[in-house]
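> fold the following, please.
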Amino acid sequence: MSKNKLTINNLPETISTKGLVVQEAAEVEQLKLFTDVHFEGLKSNSLSNTFPLYDLWSRFVRVKTTIYPIRQAPERLVNSRSISDKLDGVEYTGELQISPAVIKGKETDYVAWPSDREEKVERALISLATKGNISKINNASGTRYAIHFKMNELNAELKSVNQSLSYPDLKEALLILSGSQLSFNYSTNSNGEVETNEAKMPYLGSIHFSGKKGPSTQRCIVFLNEYMAQQIETVSYKGYYFNQAQQFKRTLSSWLTTRLYTLFRYASPEKTYHFMLVRIMIKFGSIESEDITENRLIAIRRNMTSTMKDLINAGILEKYDIAAVKDDEDKVIDYKYTLYPTEGFCDEIVSLNKHAKKIKIKSNTTEEVVETLLIEQ
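This is a model prediction of the structure:
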């Protein structure tokens, strides 16, 4: 038996085993697809999955202080963000709201919003799940997907991209992800057909730690929220390279690289990617609206310049152009960026597209088999 195999016998004590059935990824068709072997790209790259629309949202709070003792917390606890994006020809517009977790402390309790650290931990969790550390758990109340790992395994995933955390910080980040709530209300417009979607859920579902202490022995079970589970069920995720996107110290560099993997699906050295600085920084979450001061514009341009250097040094971009946008009074109010991908990055996109096509074919084959069985019955 594999030491990483999840069974009823090694579940944390806080999970009731009455009527419980645990299935490994290899036993569940949708998880077999999610963890399918990637042989199309370079062996040096580490495949993970991204949930395209969900991961394009500004779900993380980009300020210096995101943890406060309850008595010192800001008056407004709910952080509102706009949703505005276009993916696969569908326009998404709406609003999301981020509510903080309440963390128990020794002297006082704290409120904490998910920030850069929690985003890195979430990415590492999904990377572990893509490698097979995910199971389907069924009981009388329903079916859920759970990522299972030991704390040192999760930290090793972070360490592989030079993002390791101390054991207390890692556990705190998991608790913040589990305790924070995300509410969203958005509409989609596809060829004039408008649909509305609304939901509220934690960033991660319930989290359970085994009674054993220490990073090498304490097992952790994290249930995915319903949106992530639905994306797995409908094969709506896309592959990206975890080691490439998460290698940067700057969160903006990691976020933008992941965005390029998600949106730049028809990449070639002749094609370019464009964005407006102010709008992209709203999507990232570092500013809340287009109404910013001149000094703030200078600051976010400086941050983007550092990120452009990161992506060029990493072999993702060949170069970039920047053009000032002025108002009627000849005052600079924004900048337009044009990105030129490297041939190597384009090759990665081609490999990921081949992997996605393979998964789609396997998914369609599975659906056809199920439909045939239903007809025969």
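> sketch out the helices for the stretch 51-200 of the chain, chain order is fine.
Applying DSSP state H, counting those that start in this stretch to the stretch 51-200 of the chain gives helices spanning 52-56, 116-130, 151-159, 167-179.
> wait, which of those helices is closest to Phe34?
Phe34 sits nearest to helix 116-130 of all these, at 6.7 Å, using C-beta to C-beta. All C-beta atoms are positioned from the backbone trio N, CA, C, and that covers glycine.
> quick one, what contacts Leu154?
Contact partners of Leu154, counting by C-beta atoms under 8 Å, 6 or more residues apart in numbering, are Val121, Ala124, Leu125, Leu128, Leu170, Cys220.
> list just the nearest of the residues you listed to Leu297.
Nearest member of the contacts of Leu154 to Leu297, counting by C-beta to C-beta, is Val121, at 31.3 Å.
> distance of that closest one from Gln23?
25 Å (C-beta to C-beta, to the nearest Å).
> neighbour count: those two, which is higher?
The residue with more neighbours, out of Val121 and Gln23, is Val121; 24 against 14, by other C-beta atoms under 10 Å.
> count the neighbours of the closest residue to Lys354 other than its chain neighbours for me.
Counting by C-beta to C-beta, 6 or more residues apart in numbering, Glu40 is the residue found nearest to Lys354 once chain neighbours are left out, at 4.3 Å. Number of residues near Glu40 (other C-beta under 10 Å) recorded here: 17.
> one more: Ser164?
By other C-beta under 10 Å, the residues close to Ser164 number 16.
> distance of it relative to Ser183?
For Ser164, the distance to Ser183 (C-beta to C-beta) stands at 32 Å.
> output the contacts of Leu154 in TSV; the columns should cover distance to His208 and pLDDT.
Shown next, in TSV, are the contacts of Leu154 (distance: C-beta to C-beta, whole Å; pLDDT from 0 to 100):
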residue	distance to His208	pLDDT
Val121	16	97
Ala124	18	97
Leu125	14	97
Leu128	16	97
Leu170	15	95
Cys220	7	93
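> can you tell me which of these is nearest Asp55?
Leu125 (12.8 Å).
> read off the pLDDT value for the nearest residue to Thr17 once chain neighbours are set aside.
Excluding the flanking residues, the one nearest Thr17 by C-beta to C-beta, 6+ apart is Ile8, at 5.0 Å. On the pLDDT scale, Ile8 is placed at 83.
> number of residues surrounding Ile8?
Ile8: 11 neighbours (other C-beta under 10 Å).
> likewise Thr108?
Neighbours of Thr108 under the rule other C-beta under 10 Å: 11.
> Tyr337 versus the closest residue to it other than its chain neighbours, what's the distance?
Excluding the flanking residues, the one nearest Thr108 by C-beta to C-beta, 6+ apart is Pro69, at 4.8 Å. Between Pro69 and Tyr337 the distance is 40 Å, computed by C-beta to C-beta.
> quick one, which of those two is more surrounded?
For Pro69 and Tyr337, the more surrounded residue by other C-beta under 10 Å is Tyr337, and the numbers stand at 18 against 12.
> contacting residues for that one?
Tyr337 sits next to His274, Phe275, Met276, Leu277, Ile280, Met304, Met308, Tyr320, Asp321, Ile322 when contact means C-beta under 8 Å, 6+ apart.
> where does it sit: helix, strand or coil?
strand (DSSP: H, G, I helix; E, B strand; the rest coil).
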